[in-house]
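A.B. asks: Quick one: sequence plus predicted model below, questions after.
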Amino acid sequence: MAYISFQPSDHFNTKIFTGNGSTQSITGVGFEPSLTWIKNRDHANHNVLFDAVRGGSKVIYANLANAEATASGVTAFDSDGFTLGNDSDTNRNTNSHASWNWLANGQGSSNTDGSINTTYTSANTTSGFSIVKYTGTGSNATVGHGLGAVPKMIIIKCLQQTHWWFVYHSAVGNTKKLNLNTTNDSGSASANYWNNTTPTSSVFSVGTETGVNQSGQDYIAYCFSQKSGFSSMGSYTGNGNADGVYQHLGFSASWLMIKRTDSTASWVIFDNKRLGYNVANYQLYANSTSGEGNNVLLDITSQGFKCRANHLDVNGSGASYIYLAFAEAPLVSSNGVPAVAR
């Protein structure tokens, strides 16, 4: 059975809150977030990401190619949550919002493991999550991620120019890429994205593509290594049936994001805090401004998830999918309590 020596909610937690259209402090996260991703559930607002490396009020949009902007969204990271300004993407009056929060290590410090010395690398080696800010060189390069383990998923965004998001996933490989802000399939990335090189326990590689390594441009990278009992990054093949594929994770998921890789489909997100339980776990979409959907797509179980529909986003017949998942509880956690289905 999967066992971890820490509580998953000390490193990742979903917090639901209602906007007030003004300013407010959101508490109850359980730690000071290093990355906060917010999506309005009730209205067509952007997916907005703020992190401690770039600093409060610096926003990037998961569903857009736009450069980093200044917005009164998350204005500060606090000991038990974060402070909001009056930006409509994060704090629209009376609307329910989902916030997804990860713990790294604050702003971090420079990492010199790669050929590019990072501006900041904020790493949580316990949970396998780091935030990396670096400046591109325009030449094939390596970048230190600080995890001490091989990352299986890396999400990169250029901060100063309009560029798509680029995603590396180990199940897709180092010759292809995905784009967080689009429904595109994985396609061929040639050598220009990851230099046809798999990440190591100390660095990831970037090629000469301007979306990941343009000379003089700043980039942010979110890196994830797999920790048994806390996180899982893998793949599966859909069967196109209501009695769908079961994917074992080794824990009950608190957050799950799925993307089809062989054809166009959305990046669909589930969590354990929003309304909607088996067999109707509600969905949000990383690549879209759409509000919450209520299609019956999957069950979250005590050890993984079970697809419940013939739907292109999660279970098309013969379709290929990747996922990223974090635990609500492993089969047994440090409190000795076994996980149960919801």
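C.D. replies: Happy to help now that I have it.
A.B. asks: Would you map the strands across the stretch 1-150 of the chain?
C.D. replies: Remark: strands assigned in the stretch 1-150 of the chain by DSSP state E, counting those that start in this stretch are 12-18, 24-27, 35-40, 48-51, 58-61, 69-70, 74-78, 81-84, 96-102, 120-124, 129-135, 141-144.
A.B. asks: would a markdown table of those with mean neighbour count, mean pLDDT and distance to residue 313 be doable?
C.D. replies: All C-beta spots, glycine's among them, are computed from the backbone N, C-alpha and C. Compiled in a markdown table, the strands of the stretch 1-150 of the chain are given as follows (neighbours: other CB atoms under 10 Å; pLDDT from 0 to 100; distance: least, CB to CB, whole Å):
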| stretch | mean neighbour count | mean pLDDT | distance to residue 313 |
| --- | --- | --- | --- |
| strand 12-18 | 20 | 97 | 20 |
| strand 24-27 | 16 | 98 | 29 |
| strand 35-40 | 25 | 98 | 16 |
| strand 48-51 | 26 | 98 | 21 |
| strand 58-61 | 22 | 98 | 21 |
| strand 69-70 | 12 | 98 | 29 |
| strand 74-78 | 21 | 98 | 28 |
| strand 81-84 | 23 | 98 | 29 |
| strand 96-102 | 23 | 98 | 18 |
| strand 120-124 | 24 | 98 | 30 |
| strand 129-135 | 26 | 98 | 25 |
| strand 141-144 | 22 | 98 | 31 |
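A.B. asks: Tell me which of the ones you listed lies nearest to residue 327.
C.D. replies: strand 12-18 (7.9 Å; CB to CB).
A.B. asks: Now do that closest one against strand 35-40, angle only.
C.D. replies: Angle between the axes of strand 12-18 and strand 35-40 is 40 degrees (criterion: axes from the mean of the first three to the mean of the last three CA atoms, to 10 degrees).
A.B. asks: Counting by contacts, list what strand 12-18 packs against.
C.D. replies: Strand 12-18 is packed against strand 24-27, strand 96-102, strand 251-260, with contacts defined by 3 or more CB pairs under 8 Å, 6 or more residues apart in numbering; DSSP states H and E.
A.B. asks: Serialize the strands of the stretch 1-150 of the chain to TSV and add fields for distance to residue 320.
C.D. replies: Putting those into TSV (distance: least, CB to CB, whole Å) gives the following:
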stretch	distance to residue 320
strand 12-18	26
strand 24-27	37
strand 35-40	25
strand 48-51	26
strand 58-61	27
strand 69-70	34
strand 74-78	35
strand 81-84	36
strand 96-102	25
strand 120-124	30
strand 129-135	25
strand 141-144	28
